[in-house]
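1. got a structure for you, letters missing:
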């Protein structure tokens, strides 16, 4: 590459395809007959770039006839700190960097910074999770300054302090904390004889630059695809570009841009005046060429010295595409020329824009485009998107055609099977074996993996069924009691549970502490995970990544002595796992690739689909540094957060050079309406209204909407099941009778089909659950006597009520119970409790009726009062009057017939004359604020209800009516026969309520209108 004097810097235009064009130019220039490219050293930005270039070499030699093999160049990694990559051995040879201190381990640095934060950060930073989170931000800010060669002492310069004085308090406090922690950390590094990794990286770059400048290597060295503008790296690139056999190849530096437009980008690290800011306020940092201008300025290379690369790749696009891309990203002043730009210069042939309604439709349309393209021989397709959920959807849709397309950006470790095991164990430790994480762990795919997996799942499901409902008391005592109960049916469940309990007990013991060593917490998690999952926990790629994380973290946590509250461990682990990408192994479709933005750099395909082009996704919203204010960063010469928008724009510009490009977005995302990406809006503005219609991709959207479309289903009619006479004749409870008359379908589903809804795990206590608890308390109080409060506490303990639930609900419950106590002892002393929780059963016309009276009181004259407790609002008088609340009346009929017995088995005799609801609800007129006694009898000023003397007679009429119509008759069990009645909605999904409720009347109305129109026409 030494055809001329001066720096050897080249640019590969976007339409040429970087990796393929690079290989096409390197092979004829450096290939030797016997050694191939073995003497060439190729420096690349990342390990992913090495893989991309390797594939490009294979493609290139695959088209060459007579080639039986090849020797590829030595490829080394510059190392990107954002990708957590280190320098290759070329820059860091063993034994040759004795004068350069070793680098501090990043994990140990993070933990030590957290300790320093706890010491100097005040009360708010004392908590372990807060300190660790703040330490990670401090480490990131330190690296950011070190990469830019900003010395730590500059934070104390007069210029920075003057700006700091004008900032708000939180900025000044955060900056002082950062500076303080950094000073203590640097002092510790000096004692240990270490430096930060970013500092060592700069030192190695500087050492290599000095070495190669003094003694240029005999073999050629080429840097390709590096766009980082770090000062130390820029100096090294400058040296390489001036080597006799050196060269620097940049991706898509716009050499056709006018000088005036180039100047409009701003100073970009080269102040126009001495001592001026490195980054001026007006700099176009979001422009895709800005970071390349910054790199050239720091290299000391003028744009005029950069040459165009002489070769093109296999999947090159049309040459005019590069000029269109240059026009597309013009800065504000220069973009005025769009108004006078002729149509031929606006064209983006091969570029299509696809708008879909939602992310699901977008994924379906993209999958169809990929499937269609695979019909063409050797055509490669790449989906590039920063939206990992979109990538996952597309991969799932491609499975429809058995196309395996792995997302090479990977998944966060926290979303993998192995990562979830450790996170669930952390939740169990923090929440003291709460039902949701406990059952999620027992049902996890890795738990109990092996030959006994089917039995494991059966036992886990059985335990889960009994665990459903409100949260029980903390710990493992409740599931153990349930396992002992289930052992009557399955003797093997008890050893199974003992194995699980032995693995989880150490976690709960640690979880009871205020703080514990982080290393001990990790040891406990790893031991429990291995006990439950075996070696399968560490077997796959996610398990290996998890093992590496655990080993690294606990090694340095034990060295540093980090303490952490067990309740914070789950959050700390999740944050660490979210930063680790687990990439799939090889094995996907050879012509389909799904990339993130970083993975897509330097790649090329015949069809490139850029998905998720919405604001917040592409480009992503830049995150401001929470420690150093933008004004301070500007003074220090550090690029602002918006700098990354320019990198995203450059990524898109490079992708737009493919032969075919589809720019895709959805009108809505998961949170609501989405704003189109500023880049996509520029494309539409450049095309203009006249050309935009020709660039719309409508066919894929149409197919996406049609592929799963089915003929419109006929309207689902209101269910009216008609079971046989034998199936109708079932026993009826007194509460089910109300359901039979109000909503026959619910009675049908409950009593005839015997379907019951299951409570959720850790559910909020329902009215039925609270009522059951209240009944048990009152039953114990009536039978035992004594004070009510200790009895209530004992019963709540027996039913395993969670302490938090007891604390929240107990005050209201106790107030209502005290009201009941005062009612019986003070206001109604003449009454005697004849029975509590008394069961009754009688036969009417061959149908068995069953029921339980919450309480039966005997009045002074021997009459009976039937009492029903209600934790909520009691039925209204109108409901009783219309026959939709018959419970009290039917119990009265049983008592009248002598069919109710007390707890001793004695028949309760007497004439029922009073029928009362005792409600636990709020009542401002009550002394305790809760409790009310109500009787649905039409007396005094009451206008609804039944007359006392007619109460049992009318109830009997309603009873016979229900039996005649549904149990002994042939009337259908119509759904929502009385839709205005209160309804729990337990069977709404079964009756498909939303598919017919309200539509029947509409259909009838439309039918009537049509009939009227016909008559009128006739």
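-> Received the coordinates, thanks. Bear in mind that the values here come from a model prediction, so they are computed numbers and not experimental data.
2. Tell me, please, where in the stretch 601-750 of the chain the pLDDT is lower than the cut-off.
-> With pLDDT under 70 as the threshold, the stretch 601-750 of the chain has no low-confidence stretch at all.
3. Then the chain?
-> Scanning the chain for pLDDT under 70 picks out 1-5, 65-69, 79-98, 124-125, 274-275, 587, 766-768, 800-806, 1000-1018.
4. Give me the buried positions along stretch 605-616.
-> Buried residues in stretch 605-616, defined by neighbour count with 16 or more other Cβ atoms under 10 Å: 605-615. Placement of C-beta: from N, CA and C, glycine included.
5. With distance to residue 421 and secondary structure added, can I get the residues you listed in CSV?
-> Formatted as CSV, those follow (distance: Cβ to Cβ, whole Å; DSSP: H, G, I helix; E, B strand; the rest coil):
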residue, distance to residue 421, secondary structure
605, 37, coil
606, 42, coil
607, 39, strand
608, 37, strand
609, 35, strand
610, 36, strand
611, 31, coil
612, 30, coil
613, 36, coil
614, 34, strand
615, 36, coil
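6. Which pair of those spans the longest distance?
-> With distance counted by Cβ to Cβ, no two of these lie farther apart than 606 and 615, which are 28.9 Å apart.
7. before we move on, back to that, which of the buried residues of stretch 605-616 lies closest to residue 483?
-> Checking these against residue 483 with Cβ to Cβ, the nearest one is residue 612 at 47.5 Å.
8. residues in contact with residue 739?
-> Neighbouring residues of residue 739 by Cβ atoms under 8 Å, 6 or more residues apart in numbering: 746-747, 750.
9. Repeat that for residue 395.
-> 405-407, 594.
10. so which of these is the most crowded?
-> residue 594 (29 neighbours; other Cβ atoms under 10 Å).
11. neighbouring contacts of the helix or strand where it lies?
-> Counting by DSSP states H and E, the secondary-structure element that holds residue 594 is strand 592-595. Counting by Cβ under 8 Å, 6+ apart, strand 592-595 makes contact with 370, 374, 380-385, 391, 394-395, 398, 403, 405-409, 603, 605, all of which sit outside it.
12. Next: stretch 645-653.
-> 14, 227, 251-252, 284-292, 325, 328-329, 384, 386, 597, 600-601, 610, 618-620, 622, 679.
13. Straight-line length of stretch 686-697, end to end?
-> With Cα to Cα, to the nearest Å as the measure, stretch 686-697 spans 17 Å from end to end.
14. Run the chain-centre distance for it.
-> Taking Cα atoms, centre = their mean, to the nearest Å, the mean C-alpha location of stretch 686-697 is offset from the chain mean by 36 Å.
15. likewise stretch 390-407?
-> The chain centre lies 19 Å from the centre of stretch 390-407; the measure is Cα atoms, centre = their mean.
16. how long is that stretch from one end to the other?
-> Its first and final residues considered, stretch 390-407 spans 10 Å by Cα to Cα.
17. Which positions in stretch 749-761 come out as buried?
-> Within stretch 749-761, the residues scored as buried using 16+ other Cβ under 10 Å are 749-752, 759, 761.
18. Which parts of the stretch 251-400 of the chain are strands?
-> In the stretch 251-400 of the chain, strands defined by DSSP state E, counting those that start in this stretch lie at 307-308, 351-356, 381-384, listed in chain order.
19. Over to the stretch 401-550 of the chain?
-> Along the stretch 401-550 of the chain, the segments classed as strands by DSSP E, counting those that start in this stretch run 411-412, 469-470, 516-517.
20. List the strands paired with the last one, with their directions.
-> If I follow you right, that is strand 516-517. Partner strands and pairing direction for strand 516-517 (DSSP bridges) are strand 563-564 (antiparallel).
21. residues in contact with residue 6?
-> Neighbours of residue 6 in contact, by Cβ under 8 Å, 6+ apart: 242, 305.
22. On the three-state scheme, it is what?
-> Under DSSP: H, G, I helix; E, B strand; the rest coil, residue 6 falls in the coil class.
23. any idea how far it is from residue 299?
-> The span separating residue 6 from residue 299 equals 12 Å under the rule Cβ to Cβ, to the nearest Å.
24. what does residue 490 give?
-> Residue 490 sits 73 Å away from residue 299 when distances are taken as Cβ to Cβ.
25. Of the two, which one has the most company?
-> The residue with the greater number of neighbours, taking residue 490 and residue 299 and applying other Cβ under 10 Å, is residue 299; the counts read 24 against 14.
26. which residue packs closest to the more buried one, ignoring adjacent ones?
-> Closest residue to residue 299 apart from its sequence neighbours, by Cβ to Cβ, 6 or more residues apart in numbering: residue 238 at 4.4 Å.
27. tally of neighbours for that neighbour?
-> Residue neighbour count, defined by other Cβ under 10 Å, stands at 19 for residue 238.
28. And for residue 503?
-> Residue 503: 19 surrounding residues under other Cβ under 10 Å.
29. Spatially nearest residue to it (excluding sequence neighbours)?
-> The spatially closest residue to residue 503, leaving aside those adjacent along the chain, is residue 531, at 3.9 Å (Cβ to Cβ, 6+ apart).
30. what's the farthest-apart pair in the buried residues of stretch 749-761?
-> With Cβ to Cβ as the measure, no two of these lie farther apart than 752 and 761, at 28.7 Å.
31. ok so residue 835 is a helix residue?
-> No. The assignment for residue 835, made by three-state DSSP, is strand rather than a helix.
32. Now do the contacts for it.
-> Contact analysis of residue 835 by Cβ under 8 Å, 6+ apart lists 853, 855-856, 900-903, 908.
33. give me that answer again for 10 Å
-> 782, 853-858, 864, 895, 900-904, 906, 908 (Cβ atoms under 10 Å, 6 or more residues apart in numbering).
34. ok, it to residue 396 distance?
-> Using Cβ to Cβ, which is the criterion applied here, residue 835 is 61 Å from residue 396.
35. From the contacts of residue 739, which land in strands?
-> With DSSP state E as the criterion, strands contain none of the contacts of residue 739.
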